[in-house]
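Engineer: Predicted model, plus sequence, below.
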Amino acid sequence: MRVIFFNIFICFCLIVLFESIFGYWFKDNNFGIHIRELRNIEKQFDNDHNGKKYRYTFKRNFHGFIGEEIKPEEIKIVFEGGSTGEQLFTPPKLRIVDQLNAFFKKDQLDLNIINASKGGKSTRGYYNDFVNWFPNLKNFNPKIFIFYTGLNDSSLKNVKHYDETNKNDISNQMEDYIKNNSILYEIKTKIQNKYFGKVRVFYGLYQKDLYNDFKYINYEEAKLKYNLNDLSPEDIILTNNFEKNLLNLDKKIIETKVIPIFITQVAFDGIGSKELFLINEMLKEFCKRRNYDIIKLDEIIRSLEKNDFYDQVHTGINGSKKIAKILYPHLKNILINY
């Protein structure tokens, strides 16, 4: 028994020594509950777009951003969005943000957008990032934030999972402390992701009946179709929630002195819902009132084709290319002035 306890004690001491040398226990890396499971991620995906198969790795880095490692102090432009910005089921380099960065590189512009998007995130989630995530990143001081806004906010009558504040009791605090600081946990996660992570197969992403009786409703048609002077009780709840979230987000924009750029959104059928039309119009009015830059994607896109979206709100490869190409000149003209 003495030998067993001695060996256990030696192992424990070696673990403590290893963690003390290589871990983060004496560093300021307390990322908190907001991105508890959104760091050091590598997930393998296998899916198809328009008949072509793709196998790729979706990555989130040490600090929770999509893509490869980058020091927080090197981040100057941040892209905030929900799943339509995260694009989990689209290969790297073919996502909207990656294509925008490729355009910058082609034009020899020293601009690089870092993607902070997460599925389910709305303006409420953007605000939560400024409260629970970004302050925990050492030397993180970006100049510009791009907010890809509309689709998740158009369903704000129901709170999205990511927008909820996670529980922060003693057990969760201990979990955060270990996950944030343990080098062994980080090694275990990386090995698990790289060698034992299950390949997520998603063939048949494109909804078969999505484009039955398809009609794209552009902005001019939406203005004639939806009466903003006739709001239902549900519409009023929606607009009140959105206004509240915008005001909260605006407080953080002012407090952190960042430059905001907003982008409106469209669905597979354009502005096919009154809710999305309401949100887009409110966002434009807000930006006009606050003198913020906004790219009115819902007004620019006059039409889209079948298979540009694989479901009601998510663009496939073709749709992502089109949106990136449309956004680029407008975004470029705004960014070069800063």
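Structural biologist: Looks like it arrived, so ask away. Numbers count the residues shown, from 1 in each chain.
Engineer: rest of the way, CA atoms for contacts and neighbours
Structural biologist: Fine.
Engineer: so what pLDDT did K179 get?
Structural biologist: K179 carries a pLDDT value of 75.
Engineer: For it, give its distance to P92.
Structural biologist: If you measure K179 against P92 using CA to CA, to the nearest Å, the figure is 27 Å.
Engineer: Between these two, which is the more surrounded one?
Structural biologist: Per other CA atoms under 10 Å, whichever of K179 and P92 has more neighbours is K179, with 21 against 18.
Engineer: which residue is nearest the middle of this structure?
Structural biologist: Nearest to the geometric centre of the chain sits S117, at 0.7 Å (CA atoms, centre = their mean).
Engineer: ok, that one to K225 distance?
Structural biologist: Per CA to CA, S117 is found 32 Å from K225.
Engineer: ok, now R39?
Structural biologist: 44 Å.
Engineer: out of these two, which sits in the more crowded spot?
Structural biologist: R39 (20 against 13).
Engineer: how much space between that one and E69?
Structural biologist: Distance from R39 to E69, by CA to CA: 11 Å.
Engineer: Likewise for L38?
Structural biologist: 14 Å.
Engineer: So which residues of the chain form helices?
Structural biologist: Per DSSP state H, the chain carries helices over the ranges 2-22, 83-86, 96-106, 123-132, 170-181, 183-191, 219-225, 233-256, 274-290, 297-300, 317-335.
Engineer: I77: which of the ones you listed is closest?
Structural biologist: helix 317-335 (9.5 Å; CA to CA).
Engineer: Averaged pLDDT, the closest one. What do you get?
Structural biologist: In the prediction, helix 317-335 has an average pLDDT of 96.
Engineer: CA atoms of that helix as CSV?
Structural biologist: What follows is helix 317-335, C-alpha atoms only, in CSV (Å, rounded to 0.1, in the frame of the first residue of the first chain):
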residue,chain,number,x,y,z
ILE,A,317,-21.4,27.9,-51.6
ASN,A,318,-23.0,29.7,-54.6
GLY,A,319,-25.0,32.0,-52.3
SER,A,320,-22.0,32.8,-50.1
LYS,A,321,-19.9,33.7,-53.2
LYS,A,322,-22.7,36.1,-54.4
ILE,A,323,-23.1,37.8,-51.1
ALA,A,324,-19.4,38.2,-50.5
LYS,A,325,-19.0,39.6,-54.0
ILE,A,326,-21.9,42.1,-53.4
LEU,A,327,-20.7,43.1,-50.0
TYR,A,328,-17.0,43.6,-50.9
PRO,A,329,-17.0,47.0,-52.7
HIS,A,330,-19.3,48.5,-50.2
LEU,A,331,-17.3,47.2,-47.2
LYS,A,332,-14.0,48.2,-48.9
ASN,A,333,-15.2,51.8,-49.4
ILE,A,334,-16.1,52.0,-45.7
LEU,A,335,-13.0,50.4,-44.3
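Engineer: now stretch 136-145: how far from the chain's centre is it?
Structural biologist: How far stretch 136-145 lies from its chain's middle: 16 Å, per CA atoms, centre = their mean, to the nearest Å.
Engineer: Please save the CA atoms from that stretch in CSV.
Structural biologist: Extracted C-alpha coordinates of stretch 136-145, given in CSV (Å, rounded to 0.1, in the frame of the first residue of the first chain):
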residue,chain,number,x,y,z
ASN,A,136,-11.5,38.5,-20.8
LEU,A,137,-9.2,38.6,-23.8
LYS,A,138,-5.9,40.3,-22.8
ASN,A,139,-4.8,43.2,-25.1
PHE,A,140,-7.9,42.7,-27.2
ASN,A,141,-8.7,46.2,-28.7
PRO,A,142,-10.1,45.9,-32.2
LYS,A,143,-11.1,49.1,-34.0
ILE,A,144,-14.0,47.9,-36.1
PHE,A,145,-17.0,45.5,-35.5
